[in-house]
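J.: Here's my sequence, what's the structure:
(chains A, B, C, D, E and F)
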6 protein chains.
Amino acid sequence: MSEHELFQTPWNFLGLPEDVSEPARARGWLLPIPYESTTSYGAGTREGPAAILAASRQVELFDREFGNEPAMDYGIHTTLPLNLVHSSPEAMIRAVENAVAELLSSAQRPEVLGVLGGEHSISAGVVRGLVRAQNADSLVVVHVDAHADLREEYEGSPYSHACAAKRIQEVCPIFQIGIRNYSSEESVFMRRSRHIHTVFSEEAVDSKGGFLRDLAQFVKNKRVFFTLDLDGLDPSIMPAVGTPEPGGISWERMLEIARTVCTNAAHVPVFDVVELAPLPGFRAPDFLAAKLVYKLFSYTLARRGITTKRRRSRNG
Amino acid sequence: MSEHELFQTPWNFLGLPEDVSEPARARGWLLPIPYESTTSYGAGTREGPAAILAASRQVELFDREFGNEPAMDYGIHTTLPLNLVHSSPEAMIRAVENAVAELLSSAQRPEVLGVLGGEHSISAGVVRGLVRAQNADSLVVVHVDAHADLREEYEGSPYSHACAAKRIQEVCPIFQIGIRNYSSEESVFMRRSRHIHTVFSEEAVDSKGGFLRDLAQFVKNKRVFFTLDLDGLDPSIMPAVGTPEPGGISWERMLEIARTVCTNAAHVPVFDVVELAPLPGFRAPDFLAAKLVYKLFSYTLARRGITTKRRRSRNG
Amino acid sequence: MSEHELFQTPWNFLGLPEDVSEPARARGWLLPIPYESTTSYGAGTREGPAAILAASRQVELFDREFGNEPAMDYGIHTTLPLNLVHSSPEAMIRAVENAVAELLSSAQRPEVLGVLGGEHSISAGVVRGLVRAQNADSLVVVHVDAHADLREEYEGSPYSHACAAKRIQEVCPIFQIGIRNYSSEESVFMRRSRHIHTVFSEEAVDSKGGFLRDLAQFVKNKRVFFTLDLDGLDPSIMPAVGTPEPGGISWERMLEIARTVCTNAAHVPVFDVVELAPLPGFRAPDFLAAKLVYKLFSYTLARRGITTKRRRSRNG
Amino acid sequence: MSEHELFQTPWNFLGLPEDVSEPARARGWLLPIPYESTTSYGAGTREGPAAILAASRQVELFDREFGNEPAMDYGIHTTLPLNLVHSSPEAMIRAVENAVAELLSSAQRPEVLGVLGGEHSISAGVVRGLVRAQNADSLVVVHVDAHADLREEYEGSPYSHACAAKRIQEVCPIFQIGIRNYSSEESVFMRRSRHIHTVFSEEAVDSKGGFLRDLAQFVKNKRVFFTLDLDGLDPSIMPAVGTPEPGGISWERMLEIARTVCTNAAHVPVFDVVELAPLPGFRAPDFLAAKLVYKLFSYTLARRGITTKRRRSRNG
Amino acid sequence: MSEHELFQTPWNFLGLPEDVSEPARARGWLLPIPYESTTSYGAGTREGPAAILAASRQVELFDREFGNEPAMDYGIHTTLPLNLVHSSPEAMIRAVENAVAELLSSAQRPEVLGVLGGEHSISAGVVRGLVRAQNADSLVVVHVDAHADLREEYEGSPYSHACAAKRIQEVCPIFQIGIRNYSSEESVFMRRSRHIHTVFSEEAVDSKGGFLRDLAQFVKNKRVFFTLDLDGLDPSIMPAVGTPEPGGISWERMLEIARTVCTNAAHVPVFDVVELAPLPGFRAPDFLAAKLVYKLFSYTLARRGITTKRRRSRNG
Amino acid sequence: MSEHELFQTPWNFLGLPEDVSEPARARGWLLPIPYESTTSYGAGTREGPAAILAASRQVELFDREFGNEPAMDYGIHTTLPLNLVHSSPEAMIRAVENAVAELLSSAQRPEVLGVLGGEHSISAGVVRGLVRAQNADSLVVVHVDAHADLREEYEGSPYSHACAAKRIQEVCPIFQIGIRNYSSEESVFMRRSRHIHTVFSEEAVDSKGGFLRDLAQFVKNKRVFFTLDLDGLDPSIMPAVGTPEPGGISWERMLEIARTVCTNAAHVPVFDVVELAPLPGFRAPDFLAAKLVYKLFSYTLARRGITTKRRRSRNG
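T.: As a prediction, the model looks like this:
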């Protein structure tokens, strides 16, 4: 009996076999950052990456939208979780920046880097690392969230989860989708800033989806950092977040947004999916997040029509 | 360092600062009644008020619909929970009636009184207290629920949660929305009674919402007691109820109903939100209920266009 | 005081009184099969039947769609749970086949047999038992599921839950609804097989529901085995399954499908509802499953317009 | 295949076969009373009886202490749950009294009646029913609890769970074990009353167990009503109660107490086990309660040395 | 009806009436610090203070050890939770230091200040605040914990929860009890330091308790800061902590330790109880923590033999 | 920044660095077998291995009993989980046998192989694989359990979890500890068999531990397969099992047993720890199991007095 037959597939995203998950071969890399420090309510985002990895092993590799098992073609390498720094949120954001910059500028590097949070504050480090490794030319950010995250500072820190978008828009323009909660201060900032385009939740969930044209225009020929706070989704399908605001984005709309971004952008070198706070024993949200991460890799990396050999199965 | 800077805001609804939450200043008052006695299944409504208060502290004060922080203008005073009486459901309903009557007829009294249940049976006491403090002239009731609650008696008591609407319609006409469960007995009563207008769930969730015109007509120039059993909402967004009936009202429709009532009524002196039975560790329903209570206060008390100073932030 | 007044109704589906739940009288029988053996993830389907029975006792007997309490007319007998066999999945499937065949060919037998899973693999035994007791003439299967379940073998067994539909279509044609997950192997098989008609999830949830005409045609004058894997429903209303795939069927659509099948078929001698894996303390899915089972009995057995005497009440 | 082979054993306490669980044959009867109404904290005792029955099906029939399967000899009949009355706690206690009196005075009646709560207030009805059916001659009560339950009235009702022992000692002398919580009022009453013997928790858990001699003396040649509030046990083994007070009785000591009572008393015609509030998904307490109920039946009904035929097995 | 009769007691520790909980009157104050930032596993200590307050409302005021309701005599004032600072752990520890210093040096100040965590790192701030407000003369620390917490730095921060005791012993000598987990580095430090006396868990749980004499000696005539990490207790009674190490201290031993400290010390001006991470729906640990905090106040503040008027009752 | 500094330690047992966890270096190997198929109650053992691995990452490497970090000396290699076979329990047991035989007879093989269940039935395969790879000479089994597991067959399978010890004793003599539940059939078998030595729970928990001498004798100079069903432990510290029987073994006694076995045996080539069924969100049992596995490796592999360099820390 060979080792392959004896044991289950490795403990990585989607449970991919070694030949398509090793760094030299995989065009997509996934970096877990189980960081949680500034959250005030509904703790648990530090468990998010592990829950997404566990659920991903049940996700079917075959994707009907592509007619094959796209990950078997492009490959995904899952790194070990990033080491945490707890001297200050600023130091952690810097550590994220360093890690992302290093991963993206190594000789052996991914075409697309996915990042799993942890709390949203890490996104400020992600975008800075991206800019350092490459540059900020024609870089834009698409941001799905229930909250504007545009505070200058929160509970004493400019690197709080509540300031994520504020730090990001200092780097490049941002297109926010699904926003339904913000403060007076943020309200004023949104109206005045020219770096920010906001699609509020009513518009984001409208059945016609008129904003998708604006989104397509926004990302046209740009390099995009796609940052998804899962609380942008509707609590009926994503209750596993700190502050589950009613009136959010559906699964179908979320896929439309992702397709619009990935089809129209010049490239999506980095995306992150953050703020999953798993509910013990309640796995639907973990599973949805895992499918979403797979979709994001495929929208950016999959070649349609490629036939891959069958490999693995689901458990349903 | 001042006391204000040292400590968090008080433990009240929305975590409002003292100057807008003291009874002398607040135009809205909130009365928690953690009463549960006649429930047969899915216990836990006694934990409802505490869960709503806890979640409310995470609700953003700024409301996009009003363009400001409405509660900072009109103010909300949260009373201590009502003392419970367990000699009989009837005695408890009488205690509720007394409390509501006393609160509404004191020299210092709210313009709008919100009540948090607890099981639905308390609503019979609420409406009686309202009538005693003021009167029944031009009073009508709008009732959102999955169940008709029109039993004459249940498990030996005419003051069971299953008789709430029966007791209420003895006082004034009632408009029921979202009903999808009732007995033969109730079916006959609904058909025969002229005090009851029923919008069944199919009609209540219909995308056109034709019934909203009837509702507007029903409350026109009336004083309205608005009683919301949270199981009227769809279980996908409100699973934290005793009998979660599929096919209920969405968040958006719920807001439409509330706006229709509050815009067209002469006044909404009292509303209640009942039957939240919190699911330990699963907070989305608590959060939704807290937002809904805030919306109800604002629809009845907020002046649009008023600018309030920024005060507090969310945690998302 | 009579025994009747002293005690609650028996521990059976819907809590029906003895006179309508005894085998001699009841036209519908319900067979619980708490079998779980081949599941790899999200265990718990062995608790499914007990959870559905417990929840059913809270379901209101009166059904608005029929204007009466249909179960009081046609009657439902709940059998004890089937004994389990753990020598192999094949042996268990054979035990199911034997039990179903025996129940359906006894002198005293049901018009409609409902089966509660347990994992989906039991359905292969159910359909074989049906064919043995009656025959396969004009028999077709309607299958609601998120997964195609068309694997030839899974983890060494051709009787895994992942092979349920493969085993079924060896017996008669199958119409699959809501499918959104399958492997490359299954993809090829679906394209090639003439026994399989597949309605993928996008089509199944489409607001127009065009596929319902095809479904009506498919079952026209046929005898139908209706097999429902609850993960075919949307995770927002049915998170209590092993692999909750986003993008599933709504409650309203589920009822449309059931009505289409039962109205157009010559007969529905057997149905099963499988794969409920109850979430401790989270009862909305159990309740939905119980209502669905009641609806299925009523769609196949109820005579409209029959007035039954009032008997029992809900607890909401 | 016979019906016996086809199906699992009936849904009764211990899953006993019909021949030893029918009323005519069984010397022990078990009456579930899922009543909960006056509880203020940590709801859920209404789920207690169902949880104990479910867990009991996993309890091994063979008891090493007796060297056989005692229940197969003496037999246990499980009645349906008592109908609930919610007009007032007093009315419910009266209904319990009536039911117990009726069961104990029927021609066909148990030698030992076990009762499952539900909240502790039912015990007042149990003891009254016992006295009515038989009489109060030489009747004493042994009461295991963390709380004295000697309030005259609580939250307006003399039939609150907090008054259980006060109502009981009005009927006959009481021996309390494990008490570690009471009010000033109760403290005074305990000191003054000659009807009450109290063994506080320190003494109750002391390794020497000197109080057991007093207990033996107290029950000597008496008829005993044995009432067990499960919160008398230590929270490490019994966390599933409303107010889990640290410092309680161990499993081994609980059995010593039960043996002392049953060996020395003339008879134990009735016992109850109350206040289990099951923790969803956490079954150890349910299982312990089920084992304890079985032990109580066996200590009162089993003949040692009787060999019974093997019948059923556990699942561990 | 008076306000007193209408409403429940205030939302403070033990639910004390206003006259004994106002700052001017209360000799004990309780400061909640729901801070959690550096935890890596088993999040949730930010919910600890709220859970302890909620549970305390069910704790009986009467204490058998004192023969009265001690809190009604000495009084406890519960402050609002401390505002959080998330710029860095160091900044938060400084905020704790400032708050404690301010509270202890105000004109109106407590005799004994209890602090509720939150993670253990706050204790470094507590002891510094104490020293600043008073001084370090004859100050010693008694520390119950499973972990030595003697790291110089952890995950980049010297103010991590894993460094709590290291920071404390820089201020004054420390007596550690129940330790059963530490690193090589800490092992060396413990052996070499003359500031640290360690009672490992085997000795701490030994039935004879010989170490209690050493403890009495250690605190003799000293001012003591008593810091309790709840994971020092055995997981069978305290599973609600981040890393529940088997082999810990029992409830009875915990009380012996507390009595030894409070009886022998000159004064215990401050204590803290930290690291409760509540398990949703599982309340025994919250309840135990609440009782422990009450005991600590009473051991330091209660005058034995004082008779107080009866006031409130439990719910058991 | 090096890869080592950037990322957390690998996802293996204890989170050991690569240099001590690679197969060529590690003297202990750990094989996860997440198999669950024949369980009837309290499902979830398939999640056991993953929960133990996750918890082990929080276990402190330093062990006070050894005065160093023993795993850094002997090394542990964690294999991928074994592939599951679901054609029949017999086939799975054979797959386990094959895997164990293969691992133990490869050129590169462990000195000690630890196995993580999954359900207890796997132990039959483990002992067979051990015998095949080596032989049965002087092989004995020590078995900790609440249940005798000596059924010849259960639910149709001789490879059920309820038959584990029956299959094992066919291979070599067995010493059972902690037994407190078995059937009549097993009772007879135990009395008659000369292959079985049983220490019932009363004796096993007795404070004097006289049986430990017999145990030492039994294993003297033998090769021992040590099989631990976690339900042998007391439910107060190990509630996360299918049937938590009160009256089990304490943590301290468990360590005494393990030390007695490992000190006296000639060698312990294989041990398994089975039947953990994790309780979502309740981690104390997972953590205890992880510590126990570490202890077992150290008792068999650690050299006392060896000083290892400090490497990693806990999070408490």
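
J.: so A:Ile76 bridges to which residues?
T.: The residues listed as beta-bridge partners of A:Ile76 by DSSP bridges are A:Gly28.

J.: Burial check on the residue of the stretch 101-250 of chain A found nearest chain D, number of neighbours?
T.: In the stretch 101-250 of chain A, the residue that lies nearest chain D is A:Pro239 (16.9 Å; C-beta to the nearest C-beta). No exception for glycine: its C-beta is placed from N, CA and C like everyone else's. When neighbours are counted by other C-beta atoms under 10 Å in any protein chain shown, A:Pro239 registers 26.

J.: How much space separates it from B:Ile237?
T.: 9 Å (C-beta to C-beta, to the nearest Å).

J.: any common contacting residues for these two?
T.: Where contact means C-beta atoms under 8 Å, 6 or more residues apart in numbering or on different chains, the residues bridging A:Pro239 and B:Ile237 through contact with each are B:Ala284.

J.: Quick check: phi and psi on A:Thr227?
T.: In terms of degrees, to the nearest 10, the main-chain angles of A:Thr227 are phi -120, psi 120.

J.: Surely A:Leu126 touches A:Asn98?
T.: Check again: residue A:126 is Val, not Leu. No - with contact taken as C-beta atoms under 8 Å, A:Val126 and A:Asn98 are classed as non-touching, separated by 11.3 Å.

J.: More neighbours: which of those two?
T.: For the pair A:Val126 and A:Asn98, the greater number of neighbours falls to A:Val126 (29 against 17), based on other C-beta under 10 Å.

J.: so the residue of the stretch 101-250 of chain A closest to chain D touches B:Leu279, yeah?
T.: No - taking contacts as C-beta under 8 Å, A:Pro239 lies outside contact range of B:Leu279: 9.7 Å.

J.: Output the below-cut-off pLDDT ranges for chain A.
T.: Segments of chain A classed as low confidence (criterion: pLDDT under 70) are A:1-4, A:40-42, A:304-316.

J.: For it, which segments count as helices?
T.: Along chain A, the stretches classed as helices by DSSP state H are A:3-6, A:18-21, A:48-56, A:70-74, A:89-105, A:122-133, A:164-169, A:184-192, A:201-205, A:211-219, A:251-264, A:284-301.

J.: could those helices go into a markdown table alongside distance to chain D?
T.: Rendered in a markdown table, the data for the helices of chain A read as follows (distance: least, C-beta to the nearest C-beta, whole Å):
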| stretch | distance to chain D |
| --- | --- |
| helix A:3-6 | 29 |
| helix A:18-21 | 34 |
| helix A:48-56 | 18 |
| helix A:70-74 | 34 |
| helix A:89-105 | 35 |
| helix A:122-133 | 32 |
| helix A:164-169 | 35 |
| helix A:184-192 | 39 |
| helix A:201-205 | 33 |
| helix A:211-219 | 42 |
| helix A:251-264 | 28 |
| helix A:284-301 | 17 |
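
J.: which bits of chain A sit near chain F?
T.: Proximity of chain A to chain F is confined to A:1, A:5-11, A:50, A:54, A:79-84, A:98-99, A:102, A:280-281 under the rule C-beta under 8 Å from any C-beta of the partner chain.

J.: filter the residues you listed to the buried ones?
T.: Neighbour-count burial (16 or more other C-beta atoms under 10 Å in any protein chain shown) applied to the residues of chain A next to chain F gives A:6-11, A:50, A:54, A:79, A:81-84, A:98-99, A:102, A:280-281.

J.: ok, the closest residue to chain E within the stretch 201-316 of chain A - contacts?
T.: Nearest to chain E in the stretch 201-316 of chain A, going by C-beta to the nearest C-beta, is A:Pro280, at a distance of 8.1 Å. The neighbours of A:Pro280, taking C-beta under 8 Å, 6+ apart as the test, are B:Gly281, F:Pro280, F:Gly281.

J.: switch the cut-off to 6 Å
T.: For A:Pro280, the contacting residues are F:Pro280, F:Gly281, taking C-beta atoms under 6 Å, 6 or more residues apart in numbering or on different chains as the criterion.

J.: The residue of the stretch 101-250 of chain A closest to chain D against B:Pro285, yeah?
T.: No - no contact is recorded between A:Pro239 and B:Pro285 when judged using C-beta atoms under 6 Å, the distance being 8.5 Å.

J.: quick revisit: now the residue of the stretch 101-250 of chain A closest to chain D: closest residue in space, sequence neighbours ignored.
T.: Leaving out its chain neighbours, the residue that sits closest to A:Pro239 by C-beta to C-beta, 6 or more residues apart in numbering or on different chains is B:Ala284, at 4.1 Å.

J.: Please tell me how far the residue nearest to A:Leu61 when sequence neighbours are not counted sits from A:Val59.
T.: Residue nearest to A:Leu61 in three dimensions, not counting chain neighbours: A:Glu69, with 4.0 Å by C-beta to C-beta, 6+ apart. Summarising the geometry, the distance separating A:Glu69 from A:Val59, computed by C-beta to C-beta, is 11 Å.

J.: Look at those two and report which has more neighbours.
T.: Set side by side, A:Glu69 and A:Val59 show more neighbours around A:Glu69, with 26 against 23, by other C-beta under 10 Å.

J.: tell me the phi and psi of the more buried one?
T.: Backbone dihedrals for A:Glu69, given as degrees, to the nearest 10, come out at phi -100, psi 80.

J.: Double-check it against A:Phe62; I have them as touching.
T.: Yes - taking C-beta under 6 Å as the definition, A:Glu69 is a contact partner of A:Phe62 at 5.1 Å.

J.: I'd guessed the residue nearest to A:Pro239 sits against A:Met238; true?
T.: No - the criterion here is C-beta under 6 Å, and B:Ala284 misses it with A:Met238 at 8.8 Å.

J.: where do the contact lists of those two overlap?
T.: Going by C-beta under 6 Å, 6+ apart, no residue sits against B:Ala284 while also sitting against A:Met238.

J.: which bits of the stretch 51-200 of chain A sit near chain B?
T.: By C-beta under 6 Å from any C-beta of the partner chain, the part of the stretch 51-200 of chain A that sits against chain B consists of A:His147, A:Asn181, A:Ser183, A:Ser184, A:Glu185.
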